[in-house]
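K.L.:
give me coordinates for this.
(2 chains)
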2 protein chains.
Amino acid sequence: MTPEHAQHFADLVLWRRDVRRFKTDAVPNGVLAKIIDLADHAPSVGNSQPWRIVRVTTPSIRNDVRANFERANAAAAATYPDDTVRRDYLGLKLEGFDAAPEHLAVFCACATEQGRGLGIRTMPEMLSYSCVSMIATLWYAARAEGLGLGWVSILDPADVTSALGVPRDWKLIGYLLLGYPIEEHTDPELVRAGWQPRTPIQSRFLER
Amino acid sequence: MTPEHAQHFADLVLWRRDVRRFKTDAVPNGVLAKIIDLADHAPSVGNSQPWRIVRVTTPSIRNDVRANFERANAAAAATYPDDTVRRDYLGLKLEGFDAAPEHLAVFCACATEQGRGLGIRTMPEMLSYSCVSMIATLWYAARAEGLGLGWVSILDPADVTSALGVPRDWKLIGYLLLGYPIEEHTDPELVRAGWQPRTPIQSRFLER
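P.N.:
Below is the predicted model of the structure:
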């Protein structure tokens, strides 16, 4: 390790934003394969590697997922009783379905035998968490290649599983949109839009 | 971004191992603060930053958590009916309680109002997942400083919450041990010990 390792990683983290504004430029296959291969080396409980990555290219399936988002987002907006808040919510750009060239759905194969059950008896959610660590790794790997990633969670997971025709015991962890970002900035979209500022770390750190 | 950003991040990922063999050397306070501050910039749903980090230094609390692990690990071993497998399991070194100078418990404040509910209506687990993305970020940030991190999941979460005296609606995500590693290697402990090899990515990637 060198001081540049720390500085370069800090660059990735501080830029790392949930991207919703993409160029339509294709992601070269070699770049996609490279970042997925690196993310596949993420930590996993019991070395179980429980993530399953589905690259979605079929237009009708993409449309199904986008329609799923539209329904879930309308329902989410309806939960804000205050008219102003609801209008603010609906004004947010929360996904990049309009332009992102790559769609990746990530599932957890929660019944996997890989890992032989190690580390999941008292905390079975460690399998899902391992999938998240893979996604976080993919996020930084993508950024290092000049790509942006957006994680869409405003979806009915069961409908996504059905639309993609994957095994029913796979659990949706995230639907990821990937591509080259239109702009470079370090402030998160929700900070820019005035929805939610960052808060001081003192409220999140304590000693015992 | 430069080619070195990608290469340096790949270095972190490929070395990034769940460390269980630590030196007892202290982690300088400035280094600990630096990596926690960087991890605090990890992505979170709705910019909710739902993680709560508890630095555990009180010896009696550390002992409680270690005893918790011993109980959970004995119970886990008992789930392997085959004598040889059970002996193999008990021969694995699964944690570094003997030497790790820093203990960090990470909880999810699942009732947080930060983020104003954005992105968690259909997938409330996104709050826990945000905490995992913080831990993954901390993992790489630690590695860039020459540190190793071990995530202990063989614990009764409710007993950890109780031992640390944190609010009952905080959910334990992980108990992390941190320090300088005794040795440098890229092969995971569970691969070395013959418990679970890596498997080819082809079994985890599909197209739709």
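K.L.:
what residues are bridge-paired with the residue most central in space within chain A?
P.N.:
What sits nearest the mean C-alpha location of chain A, by C-alpha atoms, centre = their mean, is A:Trp151, with 2.9 Å. Assessed by DSSP bridges, A:Trp151 has beta-bridge partners A:Leu176.
K.L.:
list the contacts for it?
P.N.:
Counting by C-beta atoms under 8 Å, 6 or more residues apart in numbering or on different chains, A:Trp151 touches A:Asp18, A:Ile135, A:Gly174, A:Tyr175, A:Leu176, B:Pro43. For the C-beta atoms, the positions are set from N, CA and C on the backbone; glycine is no exception.
K.L.:
any chance you could map the helices in chain A?
P.N.:
For chain A, the helices defined by DSSP state H cover A:3-15, A:29-39, A:59-77, A:83-91, A:126-144, A:157-164, A:189-192.
K.L.:
in chain A, what spans have low per-residue confidence?
P.N.:
Within chain A, no stretch has pLDDT under 70.
K.L.:
switch to 80 and redo it
P.N.:
Along chain A, the model assigns pLDDT under 80 to residues A:16, A:185.
K.L.:
burial count for the closest residue in space to A:Pro43 that isn't next to it in sequence?
P.N.:
The shortest distance from A:Pro43 to any non-neighbouring residue, by C-beta to C-beta, 6 or more residues apart in numbering or on different chains, is to A:Ser133 (5.3 Å). Close neighbours of A:Ser133, defined as other C-beta atoms under 10 Å in any protein chain shown, add up to 25.
K.L.:
what's the answer for A:Ala78, then?
P.N.:
11.
K.L.:
which non-adjacent residue is nearest it?
P.N.:
A:Arg86 (7.6 Å).
K.L.:
so the one you found sits against A:Ala74, correct?
P.N.:
No. The pair formed by A:Arg86 and A:Ala74 falls short of the contact definition of C-beta atoms under 8 Å, at 10.6 Å.
K.L.:
those two - which one has more neighbours?
P.N.:
Between A:Arg86 and A:Ala74, counted using other C-beta under 10 Å, the more crowded position is A:Arg86 (15 against 11).
K.L.:
might you report the residue contacts of the more buried one?
P.N.:
Contacts for A:Arg86 were tallied using C-beta under 8 Å, 6+ apart; they are A:Ala77, A:Ala78, A:Tyr80.
K.L.:
same deal with A:Thr122?
P.N.:
B:Ala72, B:Ala75, B:Ala76, B:Ser153, B:Ile154, B:Leu155, B:Asp156, B:Pro157.
K.L.:
okay if I get these as a markdown table plus neighbour count and distance to chain A?
P.N.:
Rendered in a markdown table, the data for these read as follows (neighbours: other C-beta atoms under 10 Å in any protein chain shown; distance: C-beta to the nearest C-beta, whole Å):
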| residue | neighbour count | distance to chain A |
| --- | --- | --- |
| B:Ala72 | 20 | 5 |
| B:Ala75 | 13 | 7 |
| B:Ala76 | 20 | 5 |
| B:Ser153 | 26 | 5 |
| B:Ile154 | 25 | 6 |
| B:Leu155 | 23 | 6 |
| B:Asp156 | 17 | 6 |
| B:Pro157 | 20 | 6 |
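K.L.:
just the closest of these to A:Tyr180, please.
P.N.:
Lowest distance from A:Tyr180 to the contacts of A:Thr122 (C-beta to C-beta) belongs to B:Ser153, with 36.7 Å.
K.L.:
residues touching that closest one, list them.
P.N.:
The contact partners of B:Ser153, by C-beta under 8 Å, 6+ apart, come to A:Val45, A:Gly119, A:Ile120, A:Thr122, A:Met123, A:Met126, B:Gly174, B:Tyr175.
K.L.:
quick one: the residue nearest to A:Ala72 when sequence neighbours are not counted and B:Asn68, what's the gap?
P.N.:
In space, and not counting its chain neighbours, A:Ala72 is closest to A:Ile154: 4.7 Å by C-beta to C-beta, 6+ apart. Going from A:Ile154 to B:Asn68 by C-beta to C-beta, to the nearest Å gives 37 Å.
K.L.:
over to A:Ala100?
P.N.:
Applying C-beta to C-beta to A:Ala100 and B:Asn68 gives a distance of 44 Å.
K.L.:
again, but for A:Thr24
P.N.:
Taking C-beta to C-beta as the measure, A:Thr24 falls 52 Å from B:Asn68.
K.L.:
for A:Lys93, which non-adjacent residue is spatially closest?
P.N.:
Nearest non-adjacent residue to A:Lys93 (C-beta to C-beta, 6+ apart): A:Arg20, at 4.9 Å.
K.L.:
stretch A:186-202: how far from the chain's middle?
P.N.:
Mean-position distance between stretch A:186-202 and its chain equals 18 Å (C-alpha atoms, centre = their mean, to the nearest Å).
K.L.:
now do stretch A:54-73
P.N.:
The answer for stretch A:54-73 is 15 Å, by C-alpha atoms, centre = their mean.
K.L.:
next, the contact list for A:Gly117, please.
P.N.:
A:Gly46, B:Ala76, B:Thr79.
K.L.:
scratch that, A:Ala99 is what I was asking about
P.N.:
Applying C-beta under 8 Å, 6+ apart, the residues near A:Ala99 are A:Arg21, A:Phe22, A:Lys23, A:Thr24, A:Gly179.
K.L.:
could you work out the most separated pair of those residues?
P.N.:
A:Arg21 and A:Thr24 (11.3 Å).
K.L.:
what's the span of stretch A:117-137, first residue to last?
P.N.:
Start-to-end span of stretch A:117-137 (C-alpha to C-alpha, to the nearest Å) is 23 Å.
K.L.:
would you mind confirming that A:Lys171 makes contact with A:Pro157?
P.N.:
Yes. A:Lys171 lies in contact with A:Pro157 (C-beta under 8 Å); the separation is 7.3 Å.
K.L.:
for the residue nearest to A:Ala72, give its distance to A:Leu176.
P.N.:
For A:Ile154, the distance to A:Leu176 - C-beta to C-beta - is 13 Å.
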